[in-house]
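Asker: quick one: sequence and predicted model below, then my questions.
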Number of protein chains: 2
Amino acid sequence: MTSKEDDRLNGQVINTAIQVTSEPPRVAVIINKKNLTYDYILKSGVFAISVLDESTPMKFFGPFGFRSGRAINKLDGILFKKGATGCPLLIEYCLSVLEARVFDKIDLGTHTIFVGDVLTTEMLKQGKPLTYHFYREELKGKSSKNAPTFAPLK
Amino acid sequence: MTSKEDDRLNGQVINTAIQVTSEPPRVAVIINKKNLTYDYILKSGVFAISVLDESTPMKFFGPFGFRSGRAINKLDGILFKKGATGCPLLIEYCLSVLEARVFDKIDLGTHTIFVGDVLTTEMLKQGKPLTYHFYREELKGKSSKNAPTFAPLK
């Protein structure tokens, strides 16, 4: 998931983006308030989703999923183009992209759920979307402490 | 997904229930306003989720997924118990159940997204949860016209 504030760009890995209606097409994402993308979505009112495929290498998730855009430029070394909203749209390891404008949101405490009206969509290639299940079970990936599903080991 | 209004019970198949925060544990479901369960959730403020497994037979989806609780008793022939909220909790083909009280919602036009505080949870058995992908690709299931992802053939 990516967003922007003026000419600054940022992104983060999210475990789920969900379609919530067909007419009009709307999607929802859940974002941790500590994340820089949260600030960007609040200010710009737009966000984009890039659907990763199963070929995405683990090294992609290090900087993109576990570092903050306050410390590094998350888009460094990432192939992308800017969409109509100005949000970055990924090109490599990516099946499809869409851009959305925030329609409504719910404050969940630690996170906020943003529902967006889909503005643009593009299919890049055929393939298998990378699911959270595949990331955990096949790639043996971990969850960020900022994920909606994070639970500390007991 | 199931709900109740007084002593009346109903349920429907949903393609996705999503955890939205860990602390406190909250979940979200997207329900078509035409569905009887929508009326029940609005009135009772509670709903339950029963996580089906991959052994769920196609005949389960006929009445539960494609008929209305206004025309038939959806729980007829279904093994269930009532939870603390009074909502039905499935037993057969079911890995785990949870009950939730509505915390907030967003009107999406055709659908409403309900976010609920999780009240009770129970693990019934180990297994593979039935995903929408598995239902479509392996079981060759169709989508209800009331699904958030329904698109008519063109």
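Answerer: Cool, got the structure. Numbers count the residues shown, from 1 in each chain, chains lettered A, B, ... in the order given.
Asker: now for A:Glu54: which residues touch it?
Answerer: Residues in contact with A:Glu54, defined by CB atoms under 8 Å, 6 or more residues apart in numbering or on different chains, are A:127-130, A:134, A:138. From N, CA and C alone the C-beta is placed, and that goes for glycine too.
Asker: per-residue pLDDT, it?
Answerer: On pLDDT, A:Glu54 comes in at 95.
Asker: which of the contacts of A:Glu54 fall in helices?
Answerer: Per DSSP state H, helices hold the following members of the contacts of A:Glu54: A:Phe134.
Asker: got a winner among the contacts of A:Glu54 for most neighbours?
Answerer: A:Leu130 (23 neighbours; other CB atoms under 10 Å in any protein chain shown).
Asker: A:Leu9 looks like it's in a helix, true?
Answerer: No. Read with DSSP: H, G, I helix; E, B strand; the rest coil, A:Leu9 is strand and lies in no helix.
Asker: who's in contact with it?
Answerer: With CB under 8 Å, 6+ apart, A:Leu9 has these contacts: A:2-3, A:74-75, A:82, A:87-88.
Asker: buried subset of these, written for ChimeraX?
Answerer: Per 16 or more other CB atoms under 10 Å in any protein chain shown, the buried members of the contacts of A:Leu9 correspond to this ChimeraX selection:
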select /A:2,3,74,75,87,88
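Asker: which one among the contacts of A:Leu9 gets closest to chain B?
Answerer: Relative to chain B, the closest of those is A:Ser3; by CB to the nearest CB it sits at 18.7 Å.
Asker: list, one by one, the residues from chain A near chain B.
Answerer: Contacts of chain A with chain B, taken as CB under 8 Å from any CB of the partner chain, map to A:16, A:18-24, A:26, A:28, A:30, A:104-106, A:108-111, A:113, A:115, A:131, A:133, A:148-151.
Asker: so among those residues, which ones count as buried?
Answerer: Counted by 16+ other CB under 10 Å, the residues of chain A next to chain B give A:16, A:18-22, A:26, A:28, A:30, A:105-106, A:108, A:110-111, A:113, A:115, A:131, A:148-150 as buried.
Asker: okay, and which of those residues map to strands?
Answerer: A:18-21, A:26, A:28, A:30, A:105-106, A:111, A:113, A:115 (DSSP state E).
Asker: now for these: which two are most distant?
Answerer: Farthest-apart pair in these is A:Thr21 and A:His111; separation 20.9 Å (CB to CB).
Asker: host element of the nearest residue to A:Lys81 once chain neighbours are set aside?
Answerer: In this structure, A:Lys81 finds its nearest non-sequential neighbour in A:Leu89, 5.5 Å apart by CB to CB, 6 or more residues apart in numbering or on different chains. According to DSSP states H and E, A:Leu89 maps onto strand A:88-90.
Asker: from the contact counts, what lies against that strand?
Answerer: strand A:2-5, strand A:8-11, strand A:46-52, strand A:80-82, strand A:94-107 (3 or more CB pairs under 8 Å, 6 or more residues apart in numbering or on different chains; DSSP states H and E).
Asker: run me through the strand neighbours of the shortest one, direction for each.
Answerer: Strand partners for strand A:80-82, identified by DSSP bridges, are recorded as strand A:88-90 (antiparallel).
Asker: how far does the partner strand sit from the chain's center?
Answerer: Computed by CA atoms, centre = their mean, to the nearest Å, the chain-centroid distance of strand A:88-90 equals 10 Å.
Asker: next: stretch A:53-68.
Answerer: 12 Å.
Asker: next one: stretch A:2-12
Answerer: Chain-centre distance of stretch A:2-12: 11 Å, with CA atoms, centre = their mean.
Asker: give the contact list for the most centrally placed residue in chain A.
Answerer: Among the residues of chain A, the one closest to the centroid is A:Met1, at 1.5 Å (CA atoms, centre = their mean). Each residue near A:Met1 by CB under 8 Å, 6+ apart is listed here: A:11-14, A:17, A:29, A:31, A:37, A:47-50.
Asker: just A:Phe47 next, same as before
Answerer: Applying CB under 8 Å, 6+ apart, the residues near A:Phe47 are A:1-3, A:29, A:37, A:40-41, A:87, A:99-100, A:102, A:114, A:116.
Asker: ok, so of those, who is nearest A:Glu122?
Answerer: Out of the contacts of A:Phe47, the member with the shortest distance to A:Glu122 (by CB to CB) is A:Glu99, at 9.2 Å.
Asker: ok, now which ones touch that closest one?
Answerer: A:46-48, A:83-85, A:87, A:89, A:118-121.
Asker: of those residues, grab the buried ones for ChimeraX.
Answerer: Those of these that count as buried under 16+ other CB under 10 Å are selected in ChimeraX with:
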select /A:46,47,48,83,85,87,89,118,119
